[in-house]
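# Sharing a sequence plus its predicted fold:
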Amino acid sequence: GFRSIEANALSGFGFASLIELELSHNHFEQELPPGLFSGPSLTRLSKINLSHNQLRFLAKNTFKSLTNLQELNLSHNLLERIDKDAFNLPAAEHQMRKLDLSFNRLSELESKTFEPFSLCPITITLTGNSVDVLDENLFKDLSDPNARVIFHLRSVTNFYSLDAFYNELVEFSTEKSSVI
């Protein structure tokens, strides 16, 4: 598999009709280069699979120009941090339906991380992370009635409190118990 990818690797190859991009099971390390997904040649892209790599960080504007992106699989990486502006697009321009961040090393998520998806009927999967800090406003902006957040946490020993009041929580579980 590939260890790195150049910032302009996807531009200029006539990918104007590309709808799905499969980049899983490579060895991409650290972070994706700025501008990798920018440019007019990827405007129709609706699905990206970057699972099973070694990504550790999502930088600001990583997925900014992907207005037609509906599914993004970032599961099974080494993600420790996501810049709050990694998905930096006006909410009205997003079409995201599925964001899989499962089985990474995320321990904290900033409050505005999911704000661009506020009008999307999105499913965000955070299963298998070590989240011990959830900003109280993290999911506040997910106003679409069909938006779902799925957690399966390994441990809740570091939580002082989790307020899920006035939410339509679909599934929340730990290894020992489950609440639906």
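Happy to help now that I have it. Just so it is clear, the structure is predicted and the values come from calculations on it, not from any experiment. Numbers count the residues shown, from 1 in each chain.
# Who are the contact partners of the spatially most central residue of the chain?
When CA atoms, centre = their mean is applied to the chain, the residue found nearest the centroid is Leu99 (4.7 Å). With contact set as CB atoms under 8 Å, 6 or more residues apart in numbering, Leu99 has these partners: Glu71, Leu72, Leu74, Phe117, Ile122, Thr123, Ile124, Thr125. Yep, even glycine has a C-beta here, placed from its N, CA and C like the rest.
# What about the first one, how many residues nearby?
Looking back up the chat, that one is Glu71. A count of nearby residues for Glu71, using other CB atoms under 10 Å, gives 16.
# Find me the pLDDT at it, would you?
You'll see Glu71 listed with a pLDDT of 95.
# same question, the fifth one
According to the prediction, Ile122 has pLDDT 84.
# Would you agree it is in contact with Ala147?
Yes - if you go by CB atoms under 8 Å, Ile122 and Ala147 touch, sitting 5.3 Å apart.
# picking that back up, ok but the residue nearest to the centre of the chain is inside a strand, no?
Yes - membership of Leu99 in a strand is supported by DSSP: H, G, I helix; E, B strand; the rest coil.
# in the sheet, who's paired with it?
Leu72, Ile124 (DSSP bridges).
# What is the burial count for the closest residue to Leu79 other than its chain neighbours?
Nearest residue to Leu79, sequence neighbours excluded (CB to CB, 6 or more residues apart in numbering): Asn104, at 3.8 Å. Each residue near Asn104 was counted by other CB under 10 Å, and the total is 24.
# Surely Asn104 is in contact with Asn73?
No - taking contacts as CB under 8 Å, Asn104 lies outside contact range of Asn73: 11.5 Å.
# What residues sit buried inside stretch 20-27?
The neighbour-count check on stretch 20-27 (16 or more other CB atoms under 10 Å) flags Leu21, Leu23, Ser24, Asn26 as buried.
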